[in-house]
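S.K.: got a sequence here, can you build the structure:
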Amino acid sequence: MRRINQSRVERVRKKRIKKWLFRAVFLSLAVIILSGSYLFYRTWDAAADTHKPMEREKSKLRENVPTLDKPFTVLLLGTDVRKETDNWRADVIMVAAINPKTQSVKLVSIPRDSYVEIANTGGHRDKINSAPYWGKQKGVDPVTNTAETIELLLNVPIDYYAKVNFKGFIDIVDALGGVDVNVKFDFWEKKLGRQERYYFTKGPMHLNGDQALSYVRMRKRDPRGDLGRNERQREVLMNLMDKAVSFKGLTKINEILGILGENVSTSFKVEEMIALQNLARKISKDNIESIEMNVTNGTARIGSFNASIVQISEEERQRISKILREHLELDPPSSPEGSTPDSGIPDTPQGSGESQNSY
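M.R.: Model (predicted):
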């Protein structure tokens with residue numbers, strides 16, 4: 001029994017590491033894609049290799065097919081598997097609302113354990129990271145099912161997506177010659193999946209890909225907790241963006257293309273990537289805002305297990321929805337039904353059915 005408990009603790013520990021690690025990893029890769037998309041322009045075939053559209057022309061919440069000259073959204077997904085398989089779960093889920101008119105971006109991170117109604121399941125509730133699994137079970141593209149699940153939750157259209165394998169982050173950082181950071185205090189963090197420690201000393205430091213991962217995921221030894229970690233994530237994010245569009249980034253085109261081709265899937269077409277690059281150049285770092293989602297922890301019966309979940313209150317769901325809808329210049333919901341009040345978070349969480357991706 002003790003061995004079983006230890007095994008379970010180890011699985012939980014690894015999953016928690018992935019959850020926060022991939023959040024920072026994907027933030028960095030997402031900006032590289034958005035700000036450095038001109039790299040694809042040099043190699044059309046490489047860009048085409050990353051293109052995998054959703055199984056729909058537009059969101060049901062849109063009257064017209066979206067264009068990049070008007071406010072639009074991008075679903076950012078971080079995964080632990082290669083892009084060519086459908087057997088994956090969403091370890092990082094973020095929504096970026098981009099307004100070309102105001103040249104600004106609002107980012108919302110949705111906890112992977114959020115207990116919500118899953119799209120195309122007839123009202124089944126589960127952790128949001130199981131949406132790809134349920135899509136596959138119901139004959140719906142996993143990315144499309146994830147997008148439609150988020151639309152149920154936030155009542156905003158999902159127009160595009162980018163799905164990234166975290167390994168690409170390590171390779172990108174290394175391809176760009178590492179990343180410079182300013183460490184605020186001395187600390188250490190284990191290398192992902194190993195007992196080896198990386199030590200960070202106060203002051204300027206130059207990090208390789210593996211070190212950068214440890215740098216952005218540390219929380220327990222930061223006196224500011226999540227706030228300190230988020231600050232380090234933004235630091236690495238912005239520094240990577242600068243390096244991606246630098247001359248050195250240009251000289252690494254072929255290598256970066258190979259990395260992205262192996263680790264990225266996106267619904268953006270080549271010409272849209274070029275338009276994104278032009279837009280990204282106009283967006284100041286100060287105009288990229290992260291919106292924190294206030295959540296509470298809980299438990300729910302999922303399959304035959306009591307699982308730990310994250311609960312998003314109706315008030316918080318509406319607050320986030322309102323921020324995003326205003327940024328996207330969408331009209332306020334005309335009725336309570338239009339605002340999707342049932343976000344899949346019951347007063348007393350109680351799941352049903354089974355999910356291979358829930359834990």
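
S.K.: what does the helix or strand that residue 96 is a member of contact?
M.R.: In this structure, residue 96 sits in strand 92-99 according to DSSP states H and E. Strand 92-99 has contacts (C-beta atoms under 8 Å, 6 or more residues apart in numbering) with 19, 22-23, 25-27, 30, 71-79, 104-112, 128-129, 146, 150, 154, 156, 158, 279, 324, 327-329. (Glycine included, C-beta is placed from N, CA and C.)

S.K.: from those residues, keep the buried residues only.
M.R.: Buried by 16 or more other C-beta atoms under 10 Å: 19, 22-23, 25-27, 30, 71-79, 104-112, 128-129, 146, 150, 154, 156, 158, 279, 324, 327-328, out of the contacts of strand 92-99.

S.K.: now, those residues that are in strands?
M.R.: Taking DSSP state E as the definition of strands, the buried ones among the contacts of strand 92-99 contribute 72-79, 104-109.

S.K.: would you point out the most distant pair within those?
M.R.: Farthest apart among these by C-beta to C-beta are 79 and 104. That separation is 27.5 Å.

S.K.: now do the helix or strand where residue 133 lies: which elements does it pack against?
M.R.: In this structure, residue 133 sits in helix 131-137 according to DSSP H and E. Here helix 131-137 is seen to pack against helix 142-154 when contacts are counted using 3 or more C-beta pairs under 8 Å, 6 or more residues apart in numbering; DSSP states H and E.

S.K.: compute the inter-axis angle for the next helix or strand after the helix it packs on and strand 72-79.
M.R.: Using DSSP H and E, the next helix or strand after helix 142-154 towards the C-terminus is strand 160-165. In terms of direction (axes from the mean of the first three to the mean of the last three C-alpha atoms, to 10 degrees), strand 160-165 departs from strand 72-79 by 20 degrees.

S.K.: distance from strand 160-165 to the middle of the chain?
M.R.: Averaging C-alpha positions (C-alpha atoms, centre = their mean, to the nearest Å) puts strand 160-165 8 Å from its chain's average.

S.K.: mean confidence score for it?
M.R.: What strand 160-165 shows for mean pLDDT is 87.

S.K.: the next helix-or-strand element following that strand - contacts with which helices or strands?
M.R.: Once strand 160-165 ends, the next helix or strand along the chain (criterion: DSSP H and E) is helix 167-175. With contacts taken as 3+ C-beta pairs under 8 Å, 6+ apart, helix 167-175 sits against helix 2-35, helix 209-217, helix 226-244, helix 253-263.
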